[in-house]
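Trainee: I'll drop the sequence and a predicted model, then ask my questions.
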Amino acid sequence: MAETLRDSQHSIDVEKDAASKTESSTQSVYGEESTGLFAHPWLRCLLTWGVEERGIVPVPYEQRTDRQFYKVFFVWFSMNFNILSFSAGTIGPVVFGLGLRDSCLVILFFNLLACVLPAYFNTWGPRTGMRQMVASRYSFGYYGLIIPTILNLIGLCGFNILNCILGGQALSSVSNNSMSWTVGIVIIGIIALVISFMGYKVLNWYERLAWPPVLLAFVVALGVGGKHLYNVPPAEPATADTILSFASVIAGFVITYSAMASDFTMYYDPRVPSHTIFMYSYLGYVVPVIVLECLGAAAALAAPSVPSWEAGYGTAGNVGGLLDAMLSPVGGFGKFLVVMLSLSVTANIACTLYSICFNFQVLVPSFSKVPRYVFSIVGTAISLPLSIVGAHRFYETLTNFLSLIGYWASAYAAILMVEHFYFRKGDFNSYDHSIWNVPRRLPWGAAALGAAVLSFALIIPCMNQVWFQGPIGVITGDIGFEVAFPLAAILYFPLRKLELKYQKLD
């Protein structure tokens with residue numbers, strides 16, 4: 001670490017962090033000698049090629065030197081400027097029977113609201129120098145965080161599964177289905193793995209380059225097929241339950257980013273104004289998500305009136321086939337653009353794999369001694385077979401998944417904010433780096449877990465899913481995530497006060 005401290009300067013982009021500046025030394029970013037398998041010369045050589053090794057160890061103040069703050073905009077913009085956002089918009093008309101106006105209004109207003117949470121947590125990175133789930137230990141405790149980490153891992157792997165399915169579908173459509181969805185899924189997964197394996201430096205480079213081909217593809221699709229989007233059939237009047245149930249899906253799509261937000265900002269100069277990081281992040285969410293979800297809703301509604309679109313979309317909701325049909329008027333160039341659209345999901349998968357690495361290290365603390373990139377391989381090995389199995393049940397999987405993850409993520413965000421603003425008085429200096437891995441000096445986590453678990457006593461009756469309809473949700477529509485945030489926050493106040501009364505911190 002001494003070598004790293006000498007090399008750190010404000011003029012150096014933090015992408016060349018401790019992991020990539022180790023050269024031939026076997027001293028790791030963990031501050032201890034690497035031994036055994038991970039000290040092998042070939043593995044240490046990876047660091048000289050720019051592979052990031054740092055896992056969940058907090059970044060000291062003097063090493064947070066990156067001033068290219070705009071990069072976080074491109075991270076979130078490219079992550080969301082893909083066919084998953086497009087497909088999320090189709091849920092409104094396909095699953096809930098909403099018309100174009102109602103779908104777009106839900107997409108607009110609930111995204112403007114829900115994106116505030118993850119955008120805010122991006123501002124924690126420069127101030128704490130911590131990965132998001134490590135900072136969460138100061139609310140949930142060392143061992144108490146294990147349960148939220150499991151839930152977050154499920155959510156992150158779920159996103160990767162959905163993206164792999166969509167990318168595989170699109171690649172298969174380009175080949176006129178001569179390539180199976182399975183082969184397409186594997187290709188998408190391997191490309192994303194390579195990017196994630198390299199780490200922070202390559203991720204930021206890739207996210208800055210990933211979006212222009214996607215923009216071109218959607219602009220061309222609008223140019224050749226936009227006239228059909230005006231001919232959407234009229235829909236039945238929307239009801240409160242369908243509006244709120246679709247809103248739950250839309251909110252779940254973005255709120256879950258809260259649990260990985262600071263993973264991409266922890267190297268930034270801590271003197272950056274918080275509103276700068278917030279606005280870059282907020283725009284990186286709302287611009288691509290709102291635009292593409294509205295476009296997806298319009299395309300799904302227009303598909304039945306355009307024979308080629310209807311044939312491409314099919315009864316199974318083949319989003320890749322729909323996009324292929326929309327771009328078919330431009331011939332071979334259209335096929336090329338569909339390939340670009342299929343590859344758009346790699347920007348999301350790679351960043352999600354990046355955060356999965358840290359979640360594994362938080363889940364099993366001894367894993368913190370294992371280089372970060374190892375868990376990119378583990379995450380891919382989990383996601384690929386599940387993507388292949390779930391490929392033909394896409395809409396059912398997507399709708400249920402996005403709703404469910406919104407419940408816990410909303411409660412999680414509320415607890416962190418109450419802890420920070422009320423119990424820590426908004427002071428980031430209270431996130432002491434010397435105790436991030438010392439269980440006895442961190443909260444027990446009983447208050448945070450108790451608030452989250454108890455909030456589900458009301459969340460469950462407010463659910464309205466295909467597989468379960470609560471007595472409140474069946475009347476109002478799904479309002480689980482709306483209830484989760486205020487209820488978890490209210491419950492956390494007395495429980496945390498009680499925890500502080502009986503816990504004797506060193």
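Mentor: The structure has been received and is ready for your questions.
Trainee: so for the helix or strand encompassing Phe77, mean pLDDT?
Mentor: Using DSSP states H and E, the element containing Phe77 is helix 71-80. The average pLDDT for helix 71-80 rounds to 96.
Trainee: cool, and stretch 353-372?
Mentor: 92.
Trainee: what comes up buried for that stretch?
Mentor: Neighbour counts using 16 or more other C-beta atoms under 10 Å place 353-363, 367-368, 370-372 of stretch 353-372 among the buried residues. Placement of C-beta: from N, CA and C, glycine included.
Trainee: alpha carbons of it, as PDB, please.
Mentor: Output in PDB follows, covering the C-alpha atoms of stretch 353-372 (Å, rounded to 0.1, in the frame of the first residue of the first chain):
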ATOM      1  CA  LEU A 353     -21.100  -8.700 -12.700                       C
ATOM      2  CA  TYR A 354     -18.700  -6.100 -11.300                       C
ATOM      3  CA  SER A 355     -21.000  -5.500  -8.300                       C
ATOM      4  CA  ILE A 356     -21.700  -9.200  -7.900                       C
ATOM      5  CA  CYS A 357     -18.000  -9.600  -7.000                       C
ATOM      6  CA  PHE A 358     -18.200  -7.400  -4.000                       C
ATOM      7  CA  ASN A 359     -21.500  -8.900  -2.800                       C
ATOM      8  CA  PHE A 360     -19.800 -12.400  -2.700                       C
ATOM      9  CA  GLN A 361     -17.000 -10.800  -0.600                       C
ATOM     10  CA  VAL A 362     -19.400  -9.300   1.800                       C
ATOM     11  CA  LEU A 363     -21.500 -12.500   2.000                       C
ATOM     12  CA  VAL A 364     -18.400 -14.600   3.000                       C
ATOM     13  CA  PRO A 365     -15.900 -12.300   4.600                       C
ATOM     14  CA  SER A 366     -13.000 -14.700   4.000                       C
ATOM     15  CA  PHE A 367     -13.600 -14.200   0.200                       C
ATOM     16  CA  SER A 368     -12.200 -10.600   0.600                       C
ATOM     17  CA  LYS A 369      -8.800 -12.200   0.300                       C
ATOM     18  CA  VAL A 370      -9.700 -13.600  -3.100                       C
ATOM     19  CA  PRO A 371      -9.100 -11.200  -6.100                       C
ATOM     20  CA  ARG A 372     -12.200  -9.500  -7.300                       C
END
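Trainee: how far away from the center of its chain is that stretch?
Mentor: Using C-alpha atoms, centre = their mean, to the nearest Å, the mean C-alpha position of stretch 353-372 is found 17 Å from that of the whole chain.
Trainee: where does pLDDT dip in the protein?
Mentor: Within the chain, the ranges that satisfy pLDDT under 70 run 1-50, 177, 315-316, 391-403, 466-467, 505-506.
Trainee: now the top helix by length along it and helix 71-80, what's the angle there?
Mentor: The single longest helix within the chain, with elements called by DSSP state H, is helix 332-363. Helix 332-363 runs at 110 degrees relative to helix 71-80, counting by axes from the mean of the first three to the mean of the last three C-alpha atoms, to 10 degrees.
Trainee: taking the centroid of the chain, which residue is nearest it?
Mentor: By C-alpha atoms, centre = their mean, the chain has its centre lying nearest to Tyr257, at 4.3 Å.
Trainee: in contact with that one, which residues?
Mentor: By C-beta atoms under 8 Å, 6 or more residues apart in numbering, the contact set of Tyr257 is Trp76, Pro118, Tyr285.
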